[in-house]
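> sequence? don't have it. structure:
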DNA sequence: GGATTGTTTGACCGGAGGGTTAAAGGATCG
DNA sequence: CGATCCTTTAACCCTCCGGTCAAACAATCC
């Protein structure tokens, strides 16, 4: 039906994002269309929120009639979930360097850098996520109460271990994550505000660089760490 | 018309919030009704965003028919501006302790504490603000490009002065403000996420206390400051 | 008290939005 | 080629929404 409900196995094969070859004409066109819908939907959801987004506007931006969009995604909610799933991936695939035997300063600096990169490269995805959480995460509960909670607990345990070994000040790891998330994502979610204060129309590369540098500096120093060699 | 357009002088008198006496029956009831509308509107705007909010739901929550709400506020946009104005006040009235001859550690600690208090006491207002900025601040530009920018420049100049006198590390003041804003407001805007990760239904007093303590600790230490005596 | 002005409310309007239908147009496979 | 399945699209339906209206009601002023 919707091609996304997950109840029928997707065509398998190499999982790289641009594997057009070795698929039939239809599968190929479906993949292209779904991608363009996703892009349009992400933009519109980010700009107007779930309620404000209209499927007809998404369809128009994706370059197809509304009825056709509803052929690929039965409901606006289905489409929204599809967009969210992608964004959740981004989230959970960060902080891989935070490992028990890593150097805390290096690992945290890397994580902060990664998060700032995301804010710069995928601000729209970040805004859809922020919007969802801001409005009470009604379509999102399981992710936060399970996947994300587990993620934080795993990573926090590592930081506790660092603390136990005296490699880092005694801080609360969870609140440290809240701090890193907020300081970095603010450059995506509230970039309009930051740009306005900086007197720009939009943020430029050096803004992100300075942000990453200063956030890293303050958080590392604040946790009793020295800047990594890199 | 709307009683809020500002084109007719409000009844003057003491400006405390609860000055019901010494007003006619009408002015008193108008004040009460506007307050209840504001509260309802703030909630609904925070929950659903501007587009998602319906005037009939706001009216219902305020306990009056929709047509009556439209008697007090001609359009949804008018009502929204009314709500936003209140929230902007909150913003600009913070950080009064950041003054040239104040002790940086004390002043920053106080500011952070004040911001966390706001996150705890007025999370709904904070969310309306966040939502507006998140969606490009279409109804908000002047505030950010003028009032807020000026505010930041004034406060940043003070911090520059601190730096010049060697009272604090050489950091970028504006990005320091972005850091303080984001770390504190995240406890209002994304409290659902934080609560979920902490395994709670909602944040409790000790969460805010720990947050304030740790944010203050990390930022002060990160800026080369010692915790204030207080 | 009577005129005037401010307030309340149910009914109404035009428009937009999410979603459906049905019929036509292509691809695929035997 | 013909049957089957997938895809496209205009037209349609129903609900909800922001906003208006007009008539009733209440406070205020002379």
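Arrived safely. As the structure is a computational prediction, the values presented were derived from the model and not from experiment. Residues are numbered from 1 along each chain as shown, chains lettered A, B, ... in the order given.
> what does chain A have sitting close to DNA strand D?
Counting by Cβ under 7 Å from any atom of the strand, chain A comes close to DNA strand D at A:3, A:26, A:29-30, A:33, A:64-68, A:70-72. C-beta: built from backbone N, CA, C; applies to glycine.
> let's have the residues you listed in TSV, adding neighbour count and secondary structure.
Shown next, in TSV, are the residues of chain A next to DNA strand D (neighbours: other Cβ atoms under 10 Å in any protein chain shown; DSSP: H, G, I helix; E, B strand; the rest coil):
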residue	neighbour count	secondary structure
A:3	17	coil
A:26	9	helix
A:29	12	helix
A:30	16	helix
A:33	18	helix
A:64	17	coil
A:65	12	coil
A:66	14	helix
A:67	10	helix
A:68	13	helix
A:70	16	helix
A:71	14	helix
A:72	20	helix
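> OK, now which residue of chain A is nearest to DNA strand D?
residue A:67 (2.9 Å; Cβ to the nearest atom of the strand).
> please enumerate the helices of chain A.
Using DSSP state H, the helices of chain A run over A:25-52, A:55-62, A:66-72, A:76-92, A:104-121, A:123-134, A:141-142, A:149-164, A:173-189, A:191-197, A:205-222.
> neighbours around the residue lying closest to residue A:180 once chain neighbours are set aside, how many?
Of all residues not flanking residue A:180 in the chain, residue A:112 sits nearest, at 6.0 Å (Cβ to Cβ, 6 or more residues apart in numbering or on different chains). Other residues near residue A:112 number 22, with proximity taken as other Cβ atoms under 10 Å in any protein chain shown.
> where does chain A have its least confident helix or strand?
helix A:141-142 (a mean of 87; mean pLDDT, DSSP states H and E).
> re the thing from before, and the two most separated of the residues of chain A next to DNA strand D?
A:26 and A:66 (21.3 Å; Cβ to Cβ).
> ok, back up a step: rank the helices of chain A by mean pLDDT and give me the bottom one.
Lowest mean pLDDT within these: helix A:141-142, a mean of 87.
> and chain A, what are its domains?
A:1-83, A:94-222 (automatic domain parsing).
> okay if I get those domains as a markdown table plus distance to residue B:154?
Output for the domains of chain A, formatted as a markdown table (distance: least, Cβ to Cβ, whole Å):
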| stretch | distance to residue B:154 |
| --- | --- |
| domain A:1-83 | 32 |
| domain A:94-222 | 12 |
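> tell me which of those sits most buried.
domain A:94-222 (a mean of 19; mean count of other Cβ atoms under 10 Å in any protein chain shown).
> measure that one end to end?
22 Å (Cα to Cα, to the nearest Å).
> before we move on, what about stretch A:182-196?
19 Å.
> and it, anywhere near chain B?
Yes: applying Cβ under 8 Å from any Cβ of the partner chain, one finds stretch A:182-196 touching chain B at A:182-183, A:185-187, A:189-190, A:192-194, A:196.
> ok, now which ones touch residue A:170?
residue A:163 (Cβ atoms under 8 Å, 6 or more residues apart in numbering or on different chains).
> so it versus chain B, what's the distance?
As defined by Cβ to the nearest Cβ, to the nearest Å, residue A:170 lies at a distance of 10 Å from chain B.
> also residue A:204?
Counting by Cβ to the nearest Cβ - residue A:204 and chain B are separated by 14 Å.
> DNA strand C is nearest to which of the domains of chain A?
Nearest of the domains of chain A (Cβ to the nearest atom of the strand): domain A:1-83, 3.3 Å.
> dump the helices of chain A to a markdown table, plus distance to DNA strand C.
Putting the helices of chain A into a markdown table (distance: least, Cβ to the nearest atom of the strand, whole Å) gives the following:
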| stretch | distance to DNA strand C |
| --- | --- |
| helix A:25-52 | 4 |
| helix A:55-62 | 4 |
| helix A:66-72 | 4 |
| helix A:76-92 | 3 |
| helix A:104-121 | 28 |
| helix A:123-134 | 15 |
| helix A:141-142 | 19 |
| helix A:149-164 | 29 |
| helix A:173-189 | 23 |
| helix A:191-197 | 23 |
| helix A:205-222 | 33 |
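> and stretch A:127-136, is it in reach of chain B?
Yes: using Cβ under 8 Å from any Cβ, stretch A:127-136 reaches chain B at A:127, A:130-131, A:133-136.
> from the chain's centre, how far out does that stretch sit?
11 Å (Cα atoms, centre = their mean, to the nearest Å).
> for stretch A:62-82, same thing?
On Cα atoms, centre = their mean, the centre of stretch A:62-82 falls 22 Å from that of its chain.
> endpoints of that stretch, how far apart?
Terminal-residue distance, stretch A:62-82 (Cα to Cα): 15 Å.
> also stretch A:159-175?
12 Å.
> and the gap between residue A:61 and residue A:73?
Distance, residue A:61 to residue A:73, using Cβ to Cβ, to the nearest Å: 14 Å.
> cool, and residue A:41?
8 Å.
> any residues in contact with both of those two?
In contact with both residue A:41 and residue A:73: A:79, A:82, using Cβ under 8 Å, 6+ apart.
> does residue A:224 really touch residue A:169, like I thought?
Yes: the pair residue A:224 / residue A:169 is scored as a contact, 3.7 Å apart, by Cβ atoms under 8 Å.
> ok, and what's touching stretch A:38-47?
A:53-54, A:57-59, A:61-62, A:79-80, A:82-83, A:86, A:124-125, A:127-128, A:131, B:135-136.
> and stretch A:131-149, by the same measure?
A:45-46, A:49-50, A:77, A:80-81, A:84, A:88, A:91-92, B:46-49, B:127, B:130-131, B:134-135, B:189-190, B:192-193, B:196-197, B:199.
> and the end-to-end length of that stretch?
Note: stretch A:131-149 ends 19 Å apart using Cα to Cα.
> who touches residue A:222 in this structure?
Contact analysis of residue A:222 by Cβ under 8 Å, 6+ apart lists A:169, B:217-222.
> again, 6 Å this time
B:218, B:221-222 (Cβ atoms under 6 Å, 6 or more residues apart in numbering or on different chains).
> now swap in residue A:129 and tell me
residue A:87.
> was I right about the residue nearest to residue A:180 contacting residue A:216?
Yes: taking contacts as Cβ atoms under 6 Å, residue A:112 lies within contact range of residue A:216: 4.9 Å.
> picking up where we left off before, distance to residue B:164 added to the residues of chain A next to DNA strand D, as TSV?
Formatted as TSV, these follow (distance: Cβ to Cβ, whole Å):
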residue	distance to residue B:164
A:3	62
A:26	67
A:29	63
A:30	62
A:33	59
A:64	59
A:65	62
A:66	60
A:67	65
A:68	62
A:70	62
A:71	64
A:72	60
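> out of those residues, which is nearest to residue A:152?
residue A:3 (32.9 Å).
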